[in-house]
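> Fold the following, please.
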Amino acid sequence: MANYEQHLGILQQGVEVWNDWRRNNPDVKADLSEANLIGANLSRANLIFANLIGANLSNADLSHADLGLAILYESKIIATNFDNATLTGACIKDWSINSETKLDKVVCEYVYVSGENYVYSEDTMKLEGTERRPLEGIFLPGEFASLYKKIIENSDLILRKSPETPNTANNQGVQFNPNNKTHTWESLRFRSKTEIKIAEALDRAGTLFLPNCLARLNTPNGRANKEADLLICYNGKWGILEVDGPHHTPERRVEEQERERIFKRQGIKVVERFDSSRCYENPDEVVQEFFKMLEIGYS
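Next up, the predicted model:
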């Protein structure tokens, strides 16, 4: 978490500052995992070997950027501009791409399309233990872009032709904003990997919990659906644990306080918020502290 925050802070100072930092720290692997870079100007950025797992690069300008050997696993690149960018050796497994993503002038000799855990080989400067495309040789100029255009067109055609099916509603981990990434664990959806850390700690404690589930309840404006991060039942006592992450902005605090009051009016006596860094680094400690708060709240 510390590296991620430091590296993102440097990038937010501008590409020139970022590139200078990369030149002065050639042995540091850039960590921008899960970074929100929607619409960012990253033209000519040095992103070689960068960890961009789960990053949202939608509508970003990556023209002339170097993403050689970068890890773009589960990244979102909707309508991203890769004009004259370098993607040679990047891992693109499960990236999200659409017809508005500009790949026409991308420089790409080969990519990796499988694997989640990567080992860098300093001697060969390649990613090991992954599936390479093409299997041998390199893409001809324009071949990579042409290949992905066909994949996107076929995917769009399948989606357009898919009939609407009944009973597909799901009130767990609803993606309210298509630009926000969701994560899965044990077939459940979460807003962040930090929430998964807390879920794992609750699992270790053998506790009943409902993550990111919409609840139907009374509000001052009538019946409505409201979501809690983690609704937990510990020894028959119900409470809500909220993970304060990037989506919990000061602008939303009034709205969130009202939501907490609504849950409390329904009988949920304990609603507690915890800092995301602490949840990520010490999830078991956070869960045990929350259990104590539940005991006090219901005593």
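
> Quick check: the gap between His7 and Thr182.
23 Å (C-beta to C-beta, to the nearest Å). From N, CA and C alone the C-beta is placed, and that goes for glycine too.

> Same drill for these two, tell me which one is more crowded.
When neighbours are counted by other C-beta atoms under 10 Å, His7 and Thr182 differ, and His7 comes out ahead with 23 against 14.

> Can you pull the phi and psi angles for that one?
The phi/psi pair for His7 (degrees, to the nearest 10) reads phi -70, psi -40.

> Could you do the one 5 residues further on as well?
In terms of degrees, to the nearest 10, the main-chain angles of Gln12 are phi -70, psi -10.

> List the contacts of Tyr298.
Residues in contact with Tyr298 (C-beta atoms under 8 Å, 6 or more residues apart in numbering) are 237, 269-270.

> how close does it get to Gln266?
15 Å.

> cool, and Lys292?
Lys292 is 23 Å from Gln266, by C-beta to C-beta.

> Could you do Phe274 as well?
22 Å.

> the more surrounded of those two?
Remark: of Phe274 and Gln266, Phe274 carries more neighbours, 21 against 12, as counted by other C-beta under 10 Å.

> Report pLDDT for that one.
Phe274 is assigned 93 on the pLDDT scale.

> How is it assigned, secondary-structure-wise?
Phe274 carries the three-state label strand when classified by DSSP: H, G, I helix; E, B strand; the rest coil.

> Could you find the closest non-adjacent residue to it?
Distance criterion C-beta to C-beta, 6 or more residues apart in numbering; nearest residue to Phe274, sequence neighbours excluded, is Val286 at 5.2 Å.

> got a list of what the closest residue to Ala60 other than its chain neighbours touches?
Counting by C-beta to C-beta, 6+ apart, Ala60 lies nearest to Ala40, which is 4.6 Å off, once chain neighbours are set aside. Counting by C-beta under 8 Å, 6+ apart, Ala40 touches 11, 57, 60-61.

> Just the ones of these in helices?
Leu11 (DSSP state H).

> now the longest strand along the chain: mean pLDDT?
Assignment by DSSP state E gives strand 237-244 as the longest strand of the chain. Strand 237-244 carries an average pLDDT of 92.

> Any chance you could list what contacts that strand?
Strand 237-244 has contacts (C-beta under 8 Å, 6+ apart) with 191-192, 194-195, 198, 228-232, 248, 256, 260, 263, 267-276, 279, 286-287, 290, 293-295, 297-298.

> how far does the helix or strand where Tyr280 lies sit from the chain's center?
For Tyr280, the host element (DSSP states H and E) is helix 276-281. Using C-alpha atoms, centre = their mean, to the nearest Å, the mean C-alpha position of helix 276-281 is found 16 Å from that of the whole chain.
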